[in-house]
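just the structure for this:
(chains A and B)
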Amino acid sequence: MILDDFMVRAALAGVGVALAAAPLGCFVVWRRMAYFGDATAHAAILGVALSLALSISVFAGAMAIALLMALTVSLLAGKGYAMDTLLGVLAHSALAFGLVAASFLSGIRIDLMAYLFGDILAVSHNDLVIIWSGVALVITLITWRWSALLTATLSEDFAYASGLNPRREQLVLTVALALVVAVAIKVIGVLLIAAMLIIPSAAARPLSGSPERMAIVAAIIGALSAVLGLRAAFVLDTPAGPTIVCVAALIFAASHLAGLLLKARMA
Amino acid sequence: MSLLQVEQLSVRYAGRTALSNVSLRVEPSEIVTIVGPNGSGKTSLLRAIIGAVRPSAGRVTRSRGLKIGYVPQRLHIDPTLPMDVARFLQLPRRVNDKLIEKALSDAGVPDLSSRQMSQLSGGQFQRVLLARALLGGPDVLLLDEATQGLDQQGSAAFYQQIEKVRNNTECAVLMISHELHVVMSASDRVICLNGHVCCQGTPAVVASAPEYRALFGSGTHGALALYRHEHDHHHHDDHLNEGEATPHDQNHAHPHGPDTQQNYPPQ
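Presented below is the predicted three-dimensional model:
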């Protein structure tokens, strides 16, 4: 069967994560939540340590802690804390506590690198099922709430005046973020998840005239980065997760350069 | 029957009283203007009406099925969010092109639908906001200093447009304005707000009321003058119970007037 090839499984996992990360990443960019994404992703390492200690599914543990972190940040955001500082404190302490907690797990030798930077070549059949279920859930959720999310992103007062509740839309994004983090750990690792959210979306911006187009272009760029990055990692014998992010960054540079050239020609 | 009814509304933010014991009604197809110094709770009042802030006391009653068109004081669209005028107008609900063209021409800016929001001038932007508010066929338009950032000519033209819209569609208008000299003539009723309703009535009645003069000086001709606010008038409704926070400092003097475009405290 074709899925027996580990490269095919890796590509499918990478493309899946890219597809879910793209529309969510657009909102992360539009709402200036980059550090929020980072904090949520970093917290997931604590979830990984806990689930290994309790012998439960890593996906479930990472998802739970990521959700807890995202909800905490959303809650505190309205209370007048300096967001930048707060996220700095939470993101790094979650990472540090996670690493310390993992060091207590002497019984099983765990390879922390696999969770920090991902281990896409070790994706199993089971992992694929979980990843694609998560991806389908995220895409469904965001497509369903798309207009409401966009309205709330533009202005909370617009949302209220249209009978929408921006708090609820924020919660939708928070849940989607935790889901993406959980399914992306194995593929890209906690340290670089935020990159897969932000870089493809930012790369799509100069090529897009509408929010819908930006989400679709971001998905294409993300998927392309995953496939090309995997190929490059195989050829160059480099770690897969970081190589995927490098490819995305190169596409970002190229698209913004193209955008500048286009502007110069039109002027 | 009134479209909107505000009864003994009080709003508090973080221990500070923004509005206290405010009551007012909006009847079909009338233009009501709210005037008042900075920090007098004008924006809080509109936000309470759209449901964006929860009253600490009193209530807001909308007539059944009331459609509200809301034009905020200012709207910032993040530069990372691509959005053309047509897409902007269709948030949160899709409508057909004919309705979009009609709303744009009613707002005085036909043929803008394919332009990016970021390319619009200040006046065009405000009119597109107006078009968005008109799109749903509102029963009442709420405008929060909709002419901020426009020059005097621009804002006079904008208010003429509002009057034209009211005459064509018979929707009621509840608006906040600093520009007394322009607004007074176009309003059916004026409400003078300073944490509480100081006085209300026809423009002529309000302009000659001692409470209004205490806030804005005598006459509205001195558009460029900075009025001194010697707020020492007596209140007809004595809502200031002993020991309670006062809605505003009774014995302060600060300059304000139609041309002081200070920023509002964060709300």
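
ok, residue B:202 to chain A distance?
28 Å (CB to the nearest CB, to the nearest Å). No exception for glycine: its C-beta is placed from N, CA and C like everyone else's.

same check on residue B:155?
21 Å.

state the pLDDT value of that residue.
Among the per-residue scores, residue B:155 shows a pLDDT of 82.

wait, a helix at it?
Yes - counting by DSSP: H, G, I helix; E, B strand; the rest coil, residue B:155 is located in a helix.

correct me, but it touches residue B:143?
No - taking contacts as CB atoms under 8 Å, residue B:155 lies outside contact range of residue B:143: 11.4 Å.

helix/strand/coil for residue B:7?
Under three-state DSSP, the three-state class of residue B:7 is strand.

how about it, what does it touch?
B:23, B:58-61 (CB atoms under 8 Å, 6 or more residues apart in numbering or on different chains).

that one and residue B:139, how far apart?
19 Å (CB to CB, to the nearest Å).

next one: residue A:231
Plainly put, residue A:231 is 59 Å away from residue B:139 if you go by CB to CB.

in terms of neighbours, single out the busier of the two.
Neighbour count, other CB atoms under 10 Å in any protein chain shown: between residue A:231 and residue B:139, residue B:139 has more, with 21 against 15.

and that one, how far is that from residue A:75?
36 Å.

per-residue pLDDT, residue 260?
Because you didn't say which chain, this covers chain A. pLDDT recorded at residue A:260 is 90.

not quite, go with chain B.
Residue B:260 is assigned 38 on the pLDDT scale.

now residue B:58
pLDDT, the model's per-residue confidence, is 92 for residue B:58.

now the helices for chain B?
With helices called from DSSP state H, chain B shows them at B:42-50, B:85-89, B:97-106, B:122-135, B:152-169, B:180-186, B:203-208, B:210-216.

can I get these in a markdown table with mean neighbour count?
Shown next, in a markdown table, are those (neighbours: other CB atoms under 10 Å in any protein chain shown):
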| stretch | mean neighbour count |
| --- | --- |
| helix B:42-50 | 24 |
| helix B:85-89 | 22 |
| helix B:97-106 | 16 |
| helix B:122-135 | 22 |
| helix B:152-169 | 16 |
| helix B:180-186 | 19 |
| helix B:203-208 | 16 |
| helix B:210-216 | 20 |
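
ranking these by mean pLDDT, which is last?
helix B:180-186 has the lowest average pLDDT among the helices of chain B, namely a mean of 72.

by contact count, what packs against that helix?
With contacts taken as 3 or more CB pairs under 8 Å, 6 or more residues apart in numbering or on different chains; DSSP states H and E, helix B:180-186 sits against strand B:31-35, helix B:152-169, helix B:203-208.

what pLDDT does residue B:202 get?
86.

quick check: nearest residue in space to it, chain neighbours excluded?
residue B:189 (6.3 Å; CB to CB, 6 or more residues apart in numbering or on different chains).

for that neighbour, which residues are in contact?
Contact analysis of residue B:189 by CB under 8 Å, 6+ apart lists B:30-33, B:200-203.

so where does residue A:265 fall, helix or strand?
Element membership of residue A:265, judged by DSSP states H and E, is helix A:240-266.

picking up where we left off before, make TSV out of the contacts of residue B:7 and add distance to chain A and neighbour count.
As requested, the contacts of residue B:7 are exported to TSV (distance: CB to the nearest CB, whole Å; neighbours: other CB atoms under 10 Å in any protein chain shown):
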residue	distance to chain A	neighbour count
B:23	22	14
B:58	18	17
B:59	16	11
B:60	12	16
B:61	16	13
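
right, and residue A:14 touches residue A:226 too?
Yes - contact criterion CB under 8 Å: residue A:14 and residue A:226 qualify, at 3.1 Å.

anything in contact with each of the two?
Joint contacts of residue A:14 and residue A:226 (CB under 8 Å, 6+ apart) are residue A:244.

now do the contacts for residue 111.
If you meant another chain, say so; for now it's chain A. Residue A:111 is in contact with residue A:119, counting by CB under 8 Å, 6+ apart.

try again with chain B
Contacts of residue B:111 (CB under 8 Å, 6+ apart): residue B:104.

gap between it and chain A?
Noted for residue B:111: a distance of 17 Å to chain A, by CB to the nearest CB.

over to residue B:96?
Relative to chain A, and taking CB to the nearest CB, residue B:96 is found at 16 Å.

need the pLDDT of that residue.
You'll see residue B:96 listed with a pLDDT of 89.

roughly how far is stretch A:82-101 from the heart of the chain?
17 Å (CA atoms, centre = their mean, to the nearest Å).

same thing with stretch B:105-121?
In terms of CA atoms, centre = their mean, the centre of stretch B:105-121 is set 22 Å apart from its chain centre.

what comes up buried for that stretch?
By neighbour count on 16 or more other CB atoms under 10 Å in any protein chain shown, the buried set for stretch B:105-121 is B:106-109, B:112-113, B:115, B:117, B:120.

where exactly do the helices run in the stretch 151-267 of chain A?
A:156-161, A:166-188, A:193-204, A:211-236, A:240-266 (DSSP state H, counting those that start in this stretch).

pick the one among the contacts of residue B:7 closest to residue A:262.
Residue A:262 has its nearest neighbour among these in residue B:60, at 49.1 Å by CB to CB.

what's the distance between the closest one and residue A:112?
With CB to CB as the criterion, residue B:60 and residue A:112 are 55 Å apart.

also residue B:177?
61 Å.

neighbour-wise, which of those two wins?
residue B:177 (26 against 16).

could you find the closest non-adjacent residue to that one?
Here the residue nearest residue B:177, using CB to CB, 6+ apart, is residue B:183, at 4.3 Å.

likewise for residue A:197?
Nearest to residue A:197 is residue A:25, by CB to CB, 6+ apart, at 3.7 Å.

repeat for residue B:126
residue B:146 (5.8 Å).

might one say that that neighbour is in contact with residue B:130?
Yes - in terms of CB under 8 Å, residue B:146 counts as a neighbour of residue B:130; the distance is 6.9 Å.

what residues do those two have in common as contacts?
B:71, B:158.

mind putting the helices and strands packed on helix B:180-186 into JSON lines with distance to residue A:257?
JSON lines is the format used below for these (distance: least, CB to CB, whole Å):
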{"stretch": "strand B:31-35", "distance to residue A:257": "50"}
{"stretch": "helix B:152-169", "distance to residue A:257": "38"}
{"stretch": "helix B:203-208", "distance to residue A:257": "58"}
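
closest to residue A:201 out of the ones you listed?
So among the helices and strands packed on helix B:180-186, helix B:152-169 is nearest, using CB to CB, at 35.7 Å.

the closest one vs strand B:31-35, what angle?
Using axes from the mean of the first three to the mean of the last three CA atoms, to 10 degrees, the interaxial angle of helix B:152-169 with respect to strand B:31-35 works out to 150 degrees.

up against chain A, what does chain B have?
B:14, B:47, B:50-52, B:68-70, B:72, B:75, B:77-78, B:80-84, B:87-88, B:91-94, B:116, B:142 (CB under 8 Å from any CB of the partner chain).

one more time with 6 Å, if that's ok
Residues of chain B lying close to chain A (CB under 6 Å from any CB of the partner chain) are B:50-52, B:68, B:70, B:72, B:75, B:78, B:80-82, B:87, B:91-92.

got those as a markdown table, with distance to residue A:69 columns?
A markdown table is the format used below for the residues of chain B next to chain A (distance: CB to CB, whole Å):
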| residue | distance to residue A:69 |
| --- | --- |
| B:50 | 32 |
| B:51 | 30 |
| B:52 | 27 |
| B:68 | 37 |
| B:70 | 34 |
| B:72 | 32 |
| B:75 | 31 |
| B:78 | 24 |
| B:80 | 24 |
| B:81 | 26 |
| B:82 | 30 |
| B:87 | 33 |
| B:91 | 30 |
| B:92 | 29 |
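
circling back: what's the most buried one of the helices of the stretch 151-267 of chain A?
Comparing those by mean neighbour count (mean count of other CB atoms under 10 Å in any protein chain shown), helix A:193-204 ranks first with a mean of 28.
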